[in-house]
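> Quick one, fold the following:
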Amino acid sequence: MWKPVARRDAPLEGEALVAHNLKTMRKARRLSQEDIAERMTGLGFKMHQTQVAKIENGTRPISFDEVLGFAKALGVPPNEFMSVEVYGPDTIEYELQQARLALDAAEIEWRSTQAVEEAARVRYEEARAAYTLAQDRLAKDRHDTAPIVRRGPGIR
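Numbers count the residues shown, from 1 in each chain. Modelled structure (predicted):
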């Protein structure tokens, strides 16, 4: 059920924004602080659940590399993680924001597949040209080295 959320006079910025987004996205994905700590450890950051809690509460500073790690651990683009305040599932804006994030991800995937398709087409055309060239050379070599067959009268 939708509950009104107290509005702030100024938007969140910096570490406060990252802390808010970390907590909101973690909860939306039904991940515990321990889950996030394990993911971060898997990414090469030595992290414990208590550190995640302190970051979310704003009592522990966060490095830029950790911000990038959290974005990766949550599967979100780092630029959005650091610049756009996400809404929690208890806000009316959440559904629209989730749909926009899904649309953005689909567009990135679509553009990526277009690039892959174009690269494959170029490789195909190059391989086709190389094949045709080899085929022409083989035909020429066969023609130049073909034995002369003399046939007698009446033999075709």
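
> CA atoms for contacts and neighbours, from now on please.
OK.

> now the strands for the protein?
Applying DSSP state E to the chain gives no strands.

> Longest helix in the chain, please.
The longest helix of the chain (DSSP state H) is helix 94-145.

> Figure out how far that helix is from the centre of its chain.
Distance, stretch centre to chain centre, for helix 94-145: 20 Å (C-alpha atoms, centre = their mean, to the nearest Å).

> can you tell me the average pLDDT over it?
Averaging pLDDT along helix 94-145 yields 86.

> Domains in this protein, by residue range?
As given by automatic domain parsing, the domain ranges for the chain are 14-86, 92-145.

> residues in contact with Glu38?
47-48 (C-alpha atoms under 8 Å, 6 or more residues apart in numbering).

> Pull out the buried residues from stretch 23-38.
Neighbour counts using 16 or more other C-alpha atoms under 10 Å place 23-26, 33-38 of stretch 23-38 among the buried residues.

> Give me the spatial nearest neighbour of Leu22, chain neighbours excluded.
Glu56 (6.8 Å; C-alpha to C-alpha, 6 or more residues apart in numbering).

> burial measure for the one you found, as a count.
Using other C-alpha atoms under 10 Å, Glu56 is surrounded by 23 other residues.

> repeat for Asn57
13.

> Kindly provide the distance from it to His20.
Distance of Asn57 to His20, given as C-alpha to C-alpha, to the nearest Å: 8 Å.

> Comparing the domains of the chain, which comes out most buried?
Neighbour counts averaged per stretch over these are highest for domain 14-86, at a mean of 17; criterion: mean count of other C-alpha atoms under 10 Å.

> Rebuild the buried residues of stretch 23-38 as JSON lines, extending it with pLDDT.
As requested, these are exported to JSON lines (pLDDT from 0 to 100):
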{"residue": "Lys23", "pLDDT": "92"}
{"residue": "Thr24", "pLDDT": "88"}
{"residue": "Met25", "pLDDT": "86"}
{"residue": "Arg26", "pLDDT": "89"}
{"residue": "Gln33", "pLDDT": "96"}
{"residue": "Glu34", "pLDDT": "96"}
{"residue": "Asp35", "pLDDT": "95"}
{"residue": "Ile36", "pLDDT": "96"}
{"residue": "Ala37", "pLDDT": "96"}
{"residue": "Glu38", "pLDDT": "96"}
